[in-house]
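Q: Here is the input, now give the coordinates:
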Amino acid sequence: MEAAQAMRPRSPRSPRSPRWAALWLASLCIVVLLAGCGAAASAPPPPGKAASLGISSASAAKVFDPGVGAPLPNSRIVAVYGIVGGGEFNGPASNLQMLDAFLPQLQQLGQQYATLDPTHPVQLALDLVVNVIQPCSEFSKWCASWTDDDTIQAYVDYCQKHHLLLFFDLQLGVEPVADAVVNQLQPYLQKYAFTELALDTEFHFPNNSQGYAEAAGYPCCLGWMGADEVNWAINYLAQTSLQYHLPRKVLVVHQWASAVLHDKDKIKLSPDVSVVLQSDGWGGAGNKLGDYQIFVQQDLLEYGGYKLFFPYPGDTQFDSPFQSPQDVMQLFPQPLFVSYQ
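A: You can find the predicted model right below:
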C-alpha cells in the first residue's frame, strides 16, 4: 500500500481516467516484480544440503593422513647398526667417521634389495643405540647411560643431510620406556619426520628391587619387556604423528628369545604406527632361520625384521655363513626391515 501511494502522480488529471489507470497498474506490477526478484537474489540461502556440503568439504580438507610419506609398508628399510661410542664390532654406525666410510656399502646393499624387489623402494636408515646398559655400581639410577645431546644432534644432522631414517634404539637397564622417551627423545621425535624408535628387550628390566638386582647381574640374567610398555610406545608414537602432522612412525621391537616378550599376545597395534618385530641374534644360518620362523612367521605382530652380523677379525660374534640379500629375501614373510651390525 505504501509503495502504491508513493507512485501516485500529482496531476490534475482525474484518477478515474482509464488510460491513466492502466499505466498506473502496469507500473505497479513491474515495481512489485522487480522488488520480488531483488529480494530473492539478495537473501542468503537457507541452511540445507549446500551449506552442509560446504562445511563437510572444508573439514575433509583438514583431515591429516599419517600414512602419506610413511616408510612402511610401501618401502623396505635397510639400516646400519651402531652403539654410540662403541668399537667396530658394535656396528659401522658407532661413530660418524666409520659411518661415513660405510655409507657407500649401505647404499650398495640398498640397491641390491631394490633390485630383488622393485615393488618396495628402499629407504636407508641408522639403527643407533643412544642408551646402553651399564654396571649398576657405576650408574646407580638406571643401570644405563645416555648419549649426550650434542652427539645425538650430530647424528640427526647427518641423517637429514643424507636422507636417512634414524631409529633411536634403547637398551634402558631399569629405566621405564615412558621415562626414557619423554625425558630424552621427545624433542627429536616431535620435530623430525625421519626419527623412529626401537626397543631392545634383552637389556630391559623392571624398575623395582628384583629388576635392579637382575640388571646388576647382567649378563647372567636375561632382560625382558612387558606388553604394557610396548603398548605405551605404540600409543605415544601414534599421538605424536597425529598431533605434529608427521608421517606414521615405525617402532622396532627386538626379539631373540621367547622370554624377552613373555606376553607378546597382549601387544595392541595401531593403524597410526608401523610395528616391526625384528628377529635378533647372531650365529649359524640355520639357527637364525629357525628363530625368524618362530618369532616372526608363527607369531608375527605386523611386519618382519631381520638382523645380520658382519664378521670381524678376532670377533666370534657374527653370522656363519654370512647371508646375502638374496638369502634374506628367501625368508617368509620377506622382512621389511633389515639391519646390519
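
Q: can you map out the helices along the protein?
A: Assigned by DSSP state H, the helices in the chain fall at 2-7, 18-42, 49-62, 96-116, 149-162, 177-180, 186-191, 209-216, 227-244, 285-292, 325-328.

Q: doesn't Phe89 make contact with Asp315?
A: Yes: taking Cβ atoms under 8 Å as the definition, Asp315 is a contact partner of Phe89 at 4.7 Å. Yep, even glycine has a C-beta here, placed from its N, CA and C like the rest.

Q: if you count what's nearby, which of these two comes out ahead?
A: More neighbours surround Phe89 than the other of Asp315 and Phe89, with 18 against 13 (other Cβ atoms under 10 Å).

Q: Would you confirm that Gln278 contacts Tyr303?
A: No: when contacts are counted by Cβ under 8 Å, Gln278 is not listed as touching Tyr303 (9.4 Å).

Q: shared neighbours of the two, anything?
A: Taking Cβ atoms under 8 Å, 6 or more residues apart in numbering as the contact rule, Gln278 and Tyr303 both touch Phe337.

Q: Compare the two and say which one has the larger neighbour count.
A: Applying other Cβ under 10 Å to Gln278 and Tyr303 shows that Gln278 carries more neighbours, namely 27 against 22.

Q: Run through the bridge partners of that one.
A: On DSSP bridges, the residues paired with Gln278 through beta bridges are His254, Gly305.

Q: Kindly provide the distance from it to Cys143.
A: From Gln278 across to Cys143, the span is 23 Å (Cβ to Cβ, to the nearest Å).

Q: And for Ser339?
A: From Ser339 across to Cys143, the span is 25 Å (Cβ to Cβ).

Q: Give the residue from those two that has the larger number of neighbours.
A: Comparing Ser339 with Cys143 by other Cβ under 10 Å, the one with more neighbours is Ser339, at 28 against 25.

Q: Please list all residues in contact with that one.
A: 79-81, 127, 278, 305-308 are the contacts of Ser339 under Cβ under 8 Å, 6+ apart.

Q: Report the buried members of those.
A: Neighbour counting with 16 or more other Cβ atoms under 10 Å marks 79-81, 127, 278, 305-308 as buried within these.

Q: Let me have those residues in JSON lines, adding distance to Tyr192 and pLDDT as columns.
A: Output for the buried ones among the contacts of Ser339, formatted as JSON lines (distance: Cβ to Cβ, whole Å; pLDDT from 0 to 100):
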{"residue": "Ala79", "distance to Tyr192": "16", "pLDDT": "98"}
{"residue": "Val80", "distance to Tyr192": "18", "pLDDT": "98"}
{"residue": "Tyr81", "distance to Tyr192": "20", "pLDDT": "98"}
{"residue": "Asp127", "distance to Tyr192": "16", "pLDDT": "98"}
{"residue": "Gln278", "distance to Tyr192": "22", "pLDDT": "97"}
{"residue": "Gly305", "distance to Tyr192": "21", "pLDDT": "98"}
{"residue": "Tyr306", "distance to Tyr192": "26", "pLDDT": "97"}
{"residue": "Lys307", "distance to Tyr192": "24", "pLDDT": "97"}
{"residue": "Leu308", "distance to Tyr192": "27", "pLDDT": "95"}
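
Q: Name the member of those with the shortest distance to Gln297.
A: Closest approach to Gln297 among these (Cβ to Cβ): Tyr306, at 11.4 Å.

Q: Can you give me the neighbour number for the spatially closest residue to the closest one that is not a sequence neighbour?
A: Nearest residue to Tyr306 in three dimensions, chain neighbours excluded: Pro335, at 4.2 Å (Cβ to Cβ, 6 or more residues apart in numbering). Residues lying near Pro335 (other Cβ under 10 Å) number 25.

Q: Return the residues in contact with Pro335.
A: 76, 292, 296, 303-306, 328.

Q: Looking at those residues, which two lie furthest apart in space?
A: Within the contacts of Pro335, Arg76 and Tyr292 form the most distant pair, 15.7 Å apart (Cβ to Cβ).

Q: List the contacts of Glu196.
A: Applying Cβ under 8 Å, 6+ apart, we find Glu196 in contact with 71, 125, 165-168, 249-252.

Q: Then Phe205?
A: 143, 172-174, 211-212, 214-215, 218, 221, 223-224.

Q: Quick check: the residue nearest to the spatial centre of the chain vs Leu237, distance?
A: The C-alpha lying nearest the average C-alpha coordinate of the chain belongs to Lys249 (Cα atoms, centre = their mean; 0.7 Å). Using Cβ to Cβ, Lys249 is found at 4 Å from Leu237.

Q: before we move on, the earlier item: partner residues bridging the residue nearest to the centre of the chain?
A: Here Lys249, judged by DSSP bridges, has bridge partners Val273.

Q: give me every residue that touches it.
A: Contact analysis of Lys249 by Cβ under 8 Å, 6+ apart lists 70, 189, 195-197, 237, 240-241, 273-274.

Q: try it again with 7 Å
A: Contacts for Lys249 (Cβ atoms under 7 Å, 6 or more residues apart in numbering) come out as 196-197, 237, 240-241, 273.

Q: which two in these are spaced the farthest apart?
A: Leu197 and Ser241 (11.7 Å).
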